[in-house]
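**Q** The following comprises the amino acid sequence and a computationally predicted model.
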Amino acid sequence: MVFDQADLRELAAFGDEVGVLSFYTTMEPGTQAGRTRLRNEIAALRQELSADPDHERARLAGLRLDLLEPRIDELLDPAGPGLGRALFAQVAGEEVRTEWVQLPVGDLATLREHAYLLPLVTAVQADRPAGVARVGRDGVRLFDYRYGLTDELEPVTFNLATAGSSGGGSTTLPRLSRGGIHPDRFDQRVEEHLARFLRESAPHVAGHARRLGWETLLLVGDPRDTSVLSEALPAGTEIIQVDAVLDHALSPPEVLEFVRPALDEARARHDAALAVRARDLALSGGNGAVGLDDILSLLRQGRVEHLLLDDAGGWKAAPPKPVAPEDLEEEMIELALEHGGEVTVLESGAAGELAEAGGVAAMLRW
């Protein structure tokens, strides 16, 4: 099952009266380095617990760590799924959750009041759902990309006289026949039919974009063809045309690898635009806010629709409640998710738009 935003919201409510143990590891193929790193993190956590002034809490956490050893071994199994893996366990309760994504999440073992979410949020928000359409004379080949995984969808096949069908299981538009067409005009008719087929495939592509929640759709192919499809698609999803001819035999991961730079650029632009919009709304008195203390208050009221954070962190809460910056960041993420909001951790380029706002902004519900 693919990890998604609904899982993040569920984890935001995952707590315990004593605390939650959170473990993260990144298991690169062909190496045991991830196992070693997490074991070192667990050893460091045990040392922290031995110095914890709350002796009963430390004792319970230590016992829970012992009981979790079989689950930790499963998490560290090289044959297990996922590049990035996470385990969350209640200390006083019995509930345990394991998550995996095909994205690096670092290595960490920590005890906190709730499940520690920052590594997961940072990983998955950078790989939000997007679509890729390889547009050619044989049809439109579609790919869904989200959270490090790529899935090929049902294509639309064009039965032009110059291109064959891609086989069963696809949506196929009618074949162009040579009958009654003068040989000198056949190539022109092929182009006309190709343009018509591309326009007729637009509802199929748009349906996938709507159903799968694509923020961005890349159209890869000859610009003469991608332009026709782009113009026929409804407004909503950001459409980017990539001038390249991809080999039809490329696997989904190979297609993704080719378009990844374009996707990364699109997401950076999208995040920067979000930051500018939130900042401008705040300055104009609209449904936007900037500044740590105001946003903490709005988060507690459940008014934040979309929280934007500088990945560099470094916030300071106003007295009399001194809180470590990493704890403030986690508190903001948990509050946003608990109330059904979204969270975006901005990389340096987009975060620069919030430099004068203390590195935090929000789009508000009201």
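**A** Received it, and whenever you're ready, just let me know what you need.

**Q** What's the separation between Glu353 and Glu342?
**A** Glu353 sits at a distance of 18 Å from Glu342 (criterion: CB to CB, to the nearest Å). Every residue, glycine included, has its C-beta placed from N, CA and C.

**Q** between the two, who's got more neighbours?
**A** For Glu353 against Glu342, the residue with the higher neighbour count under other CB atoms under 10 Å is Glu353, and the figures read 22 against 18.

**Q** Wait, a helix at that one?
**A** Yes. If the criterion is DSSP: H, G, I helix; E, B strand; the rest coil, then Glu353 is within a helix.

**Q** quick one: contacts for it?
**A** Neighbouring residues of Glu353 by CB atoms under 8 Å, 6 or more residues apart in numbering: 272, 275-276, 279.

**Q** do Glu330 as well
**A** Taking CB under 8 Å, 6+ apart as the definition, contacts of Glu330 comprise 112, 114, 116-118.

**Q** Go again with 10 Å.
**A** Applying CB atoms under 10 Å, 6 or more residues apart in numbering to Glu330 gives the contacts 110, 112-118, 121, 323-324.

**Q** now Ala351
**A** With contacts defined as CB under 10 Å, 6+ apart, Ala351 is in contact with 271-272, 275, 308-312, 345, 359-361.

**Q** between those residues, which is closest to Asp293?
**A** Distance to Asp293, by CB to CB, is smallest for Val360 among these, at 9.9 Å.

**Q** Am I right that that closest one is in contact with Leu296?
**A** Yes. Using CB atoms under 10 Å, Val360 is in contact with Leu296, at 9.0 Å.

**Q** which one is Asp7 nearest to, not counting chain neighbours?
**A** Excluding the flanking residues, the one nearest Asp7 by CB to CB, 6 or more residues apart in numbering is Glu99, at 6.3 Å.

**Q** How about Gly359: what's its closest non-neighbour residue?
**A** Leaving aside its chain neighbours, Gly359 sits nearest to Asp310 (3.3 Å; criterion: CB to CB, 6+ apart).

**Q** One more: Thr98?
**A** Nearest non-adjacent residue to Thr98, counting by CB to CB, 6+ apart: Leu87, 5.1 Å away.

**Q** tell me the SS of the one you found?
**A** Assigned with three-state DSSP, Leu87 falls in the strand class.

**Q** ok, it - contacts?
**A** Leu87 makes contact with 21-25, 38, 68, 71-72, 74-76, 96-100, 109, 115, according to CB under 10 Å, 6+ apart.

**Q** Perfect, I'm done here.
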